[in-house]
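Participant: Curious how this folds, go ahead:
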Amino acid sequence: MSIKLIQCCRLCAEKFILLILFCGSASLCAEPQALMITATLESFQLTLVNDNKDCQLSVASVDSALVSIVLPNQSPCYFFQDHLKQQAQHYTYPKAKGVKVLLMAGTAVKASREQRQAKKLSLDAYCTQTIQALILEEGVIKLGVVDRNALACADDRLDEIRYRQVLKQPRQALDTFPKAPITVLQPPVVPLERLSLIEVIQKKIQALFD
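Facilitator: This is a model prediction of the structure:
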C-alpha cells in the first residue's frame, strides 16, 4: 500500500472520529422531535387542528358527541410534550379533586436568530409566548385563560409549576367558545421541518471535506 493511500485513509478516519465526537457533544445528529397535536385525558381524545387561520380544538369521547371549537390563537398550535414518555405532558392533582392539566403552545414567537440565542432558545424549535391550559375537572373539559407573557418551546418538558399555577386561574366551559366545523382528525404527530438524520450526517461529512 502506497504512503499516499495510507495518509488518505488516516485522514478520513480522523475526520470520521471528529464527526462522531461532534454529533455526540452537540446533539446535532439526534433524531428530530415531533410536535404533538393529539392527547388523551381519561376517556377524552383531544386533537388540535391547524388547517385554518385560527387553531381549533376537537374533543371526542365515547360518552359525548364530538365538539370542535375555535381557540384564541393563530395556527399552528401544539401540545407541550413530555419527550421522556413520548406523549403530551400533563399533571394530575389529587388534592384538587383530581383535576388534570394540559398546556397548549399557541402562536409562534417572532424572534431573530440573535434573539433566540440571547434567550437560549433552540434555533429551529417551535417556540411561543402564548400558552393556554386545558383542564379536565369532574369529568368536564374546560379551557384556562391565555397567558401571553410566557416563553417556551413546544418540544420542551415544562416545569410542573407552570401546570400547578393553572389551579388558581379561572377556566371556561367549551360552549363559551365559538364553534368550529367538524373536520377529519389529523394524524397524531406533525414532524418538524428539519433535516433527517441521514441528511445531517451527509452534510457534516461534506463540510469536513470542503
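Participant: Quick check, pLDDT for the residue nearest the centre of the chain.
Facilitator: If you average the C-alpha coordinates of the chain and look for the closest C-alpha using Cα atoms, centre = their mean, you land on Ala154, 3.0 Å from that point. Looking at Ala154, its pLDDT stands at 85.
Participant: Contacts only, for it.
Facilitator: For Ala154, the set of contacting residues under the criterion of Cβ atoms under 8 Å, 6 or more residues apart in numbering consists of Leu35, Met36, Tyr78, Phe79, Phe80, Gln81, Ala105, Ala125, Tyr126, Cys127, Thr128. In short, each C-beta sits where N, CA and C put it, glycine included.
Participant: which residues sit in contact with Ala152?
Facilitator: Contact partners of Ala152, counting by Cβ under 8 Å, 6+ apart, are Phe80, Ala105, Cys127, Thr128, Ile131, Leu158, Arg162.
Participant: And for Ala88?
Facilitator: Met36, Thr38, Ala39, Thr40, Leu46, Phe79, Phe80, Gln81, Asp82, Leu102.
Participant: of those residues, closest to Glu114?
Facilitator: Taking Cβ to Cβ as the measure, Phe80 is the one of these closest to Glu114, at 25.2 Å.
Participant: the domain parsing of this protein - what is it?
Facilitator: Under automatic domain parsing, the residue ranges defining each domain of the chain are 3-29+195-209, 34-191.
Participant: winner for burial among these?
Facilitator: With neighbours defined by mean count of other Cβ atoms under 10 Å, none of these is more surrounded on average than domain 34-191, at a mean of 16.
Participant: Run the chain-centre distance for it.
Facilitator: With Cα atoms, centre = their mean, to the nearest Å as the basis, domain 34-191 stands 9 Å off its chain's centre.
Participant: Just checking, which helix or strand of the protein averages the lowest pLDDT?
Facilitator: Of all regular secondary-structure elements in the chain, judged by mean pLDDT, DSSP states H and E, the least confident is strand 189-191 with a mean of 41.
Participant: And the contacts of Ala88, which is closest to Gln56?
Facilitator: Using Cβ to Cβ, Leu46 is the member of those that lies nearest Gln56, at 11.3 Å.
Participant: Give me the three-state assignment for the closest one.
Facilitator: Leu46 falls in the strand class when you classify it by DSSP: H, G, I helix; E, B strand; the rest coil.
Participant: circling back: of the contacts of Ala88, closest to Arg116?
Facilitator: Of all the contacts of Ala88, the one with the least separation from Arg116 (Cβ to Cβ) is Phe80, at 18.1 Å.
Participant: which ones are touching Arg162?
Facilitator: Going by Cβ under 8 Å, 6+ apart, Arg162 touches Leu103, Ile131, Ala150, Ala152.
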